[in-house]
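next come a sequence and a model predicted from it.
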Amino acid sequence: MPSIFETAPASSAIPITFVTKARWPEIRESLPAEARTFAEANVYAAKPGSCLILPGADGRIAQVLFGIEDADARHRDLFRPGTLPGLLPAGTYRFANAPHDSRLAALAFALGSYRFGRYRKSEPPEVRLVPPEGVDAAELDRLAAAATLARDLVNTPSNDMGPEELEAAAKQVAERFGARFSSIVGDDLLQHNYPLIHAVGRASTRAPRLIELKWGDASHPKVTLVGKGVCFDTGGLDLKPSSSMLLMKKDMGGAANVLALAQMVMDAKLKLRLRVLIPAVENSVAGNAFRPMDVFPSRKGITVEIGNTDAEGRLILADALSLACEDKPDLLIDMGTLTGAARVALGPELPPFYTNDEALAADVARCAATENDPLWRMPLWAPYDSWLDSKVATIINAPSGGFAGSITCALFLQRFVEPTTTWLHLDIFAWTPSAKPGRPEGGECQAARALYKLLSERYG
């Protein structure tokens, strides 16, 4: 997505005045008489999200009024200005006054300009914004471009976004920033000891693979990102119902968001040594599909009983996390669209995160709030670890009973992470079910901005 930010002088741009209900009487009285009469004739009342275009004496747009929440409102949507690109005529605009957070408002404006146009014409709005004073437009462009990458990848249907296509997208990102790229494909996964990735992906005609990207100075701290890349999930032999299968093109949302985060990091030239691992598979049904109660070895040597073939994401992440720990990273982060239990507990907008590092947890929560990229800490509750016990193997991938599904998934993954590794796990949704300001319906860049903030503070 090209930049929506304009370098033209602010004086030549159309002013957008942010209005709250509390401030509306004051702002109304400050308007020229004709504009005030026009606003009153349109019964404008500064409702949050309401937009009124005021004409000038020459018939051109003189000013835009846009309603936002009062400062003391119980809930303020800091991305409210993200609806503006879809409401405004073509032109260049500026903020005439400060919303609650000018930087987030400008970012929301950029994120709200996104359109997915691969299969039908859907041109982005022809609006541009002069960045508010003191706001780093280059950084906002970086965030918006990465969000576009994640959204495009998730929105692309699985017939055009299988493991091979996901690999091509990762390779394109790597080549753009001069990163080293490699991939292990098909039966070669067994030769290189990735049995769980192979088991999950072997039933598809589209070969499973482990995608790897490396970038940065070898002397810098090591940060490894692992993203779940299930390009479509039928549920395997424990087949999903059709209603649950409908959105499964987004089951590679962890990989999409890891690539978005990696792009932010490399674009900003953060002082870290980056490694990205994406196990990419399609969980299909065929005669050679893995079955309930099968037992497989893992890269780490832990044997895994299959309690449910629809708990496949944690299997492929397990081998990738084991590999990641062999390199002893200073920080290990994994992201995946893993459990419906996380959505039941926290809904689609608030992904849970897990870590035993208290300082890291506090930093993640703070960065998530700062970036309006919500996250909520949940516990790696040790008493539930015994629920993963198997009668025939070291561990089972899906305990019976259904309780605490997101927690038990995190505990499963923790078995494959070295205890000395600083580890952060995120169970994201990567999808906006219905359009919100700055967040069109569809694939979403979720958690990546908060994590970029974290990494830029630590390694900027």
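Good, I have the coordinates. Numbering: from 1, shown residues only.

going forward, measure contacts and count neighbours with C-alpha atoms only.
Fine.

could I get the phi/psi values of the residue lying closest to Thr92 once chain neighbours are set aside?
Closest residue in space to Thr92, ignoring its immediate chain neighbours: Arg128 at 4.6 Å, by C-alpha to C-alpha, 6 or more residues apart in numbering. Dihedral pair for Arg128: phi -130, psi 160, per degrees, to the nearest 10.

repeat that for the one 3 residues further on.
With angles defined as degrees, to the nearest 10, Pro131 shows backbone torsions of phi -60, psi 140.

ditto for Gly86
Torsion angles, degrees, to the nearest 10, at Gly86: phi -80, psi -10.

before we move on, what about the one 4 residues further on?
Dihedral pair for Ala90: phi -60, psi 140, per degrees, to the nearest 10.

that one against Leu129, yeah?
No: taking contacts as C-alpha atoms under 8 Å, Ala90 lies outside contact range of Leu129: 10.9 Å.

list the buried residues in the strand ranked longest in the chain.
Selection of the longest strand in the chain by residue count, based on DSSP state E, yields strand 273-283. Residues of strand 273-283 classed as buried by neighbour count (16 or more other C-alpha atoms under 10 Å): 273-283.

now that strand: mean pLDDT?
For strand 273-283, mean pLDDT rounds to 99.

what strands flank it, and is each parallel or antiparallel?
If you go by DSSP bridges, strand 273-283 pairs up with strand 209-215 (antiparallel), strand 222-227 (parallel), strand 229-233 (parallel).

out of those strands, which gets nearest to Arg202?
strand 209-215 (10.0 Å; C-alpha to C-alpha).

just the CA atoms of that closest one, as CSV, please.
Taking Å, rounded to 0.1, in the frame of the first residue of the first chain, the C-alpha atoms of strand 209-215 are listed here in CSV:
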residue,chain,number,x,y,z
ARG,A,209,7.6,-27.2,4.7
LEU,A,210,9.6,-25.4,7.3
ILE,A,211,10.4,-21.8,6.2
GLU,A,212,13.4,-20.0,7.7
LEU,A,213,14.6,-16.4,7.4
LYS,A,214,17.7,-14.9,9.1
TRP,A,215,18.7,-11.3,9.2
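
residues making contact with that strand?
Contacts of strand 209-215 with the rest of the structure, by C-alpha atoms under 8 Å, 6 or more residues apart in numbering, involve 163, 167, 170-171, 174, 178-186, 189, 197-198, 266, 273-281.

quick one: distance of the host helix or strand of Arg142 to the chain centre.
For Arg142, the host element (DSSP states H and E) is helix 137-155. Helix 137-155 sits 10 Å away from the centroid of its parent chain (C-alpha atoms, centre = their mean, to the nearest Å).

so which other helices or strands are in contact with that helix?
Helices and strands touching helix 137-155, by 3 or more C-alpha pairs under 8 Å, 6 or more residues apart in numbering; DSSP states H and E, are helix 102-111, helix 253-268, strand 442-443.

packing partners for the following helix or strand past that helix?
Counting by DSSP H and E, the next helix or strand C-terminal to helix 137-155 is helix 163-176. Here helix 163-176 touches strand 180-185, strand 209-215, strand 229-233, helix 253-268, strand 273-283, going by 3+ C-alpha pairs under 8 Å, 6+ apart.

angle of helix 163-176 against strand 273-283?
Orientation check (axes from the mean of the first three to the mean of the last three C-alpha atoms, to 10 degrees): helix 163-176 against strand 273-283 gives 160 degrees.

what angle sits between helix 163-176 and helix 253-268?
10 degrees.

how about helix 163-176, which residues are buried there?
Under the neighbour-count criterion of 16+ other C-alpha under 10 Å, helix 163-176 has 163-167, 169-171, 173-174 buried.

from the residues you listed, pick the one nearest Val64.
Nearest member of these to Val64, counting by C-alpha to C-alpha, is Val173, at 38.5 Å.
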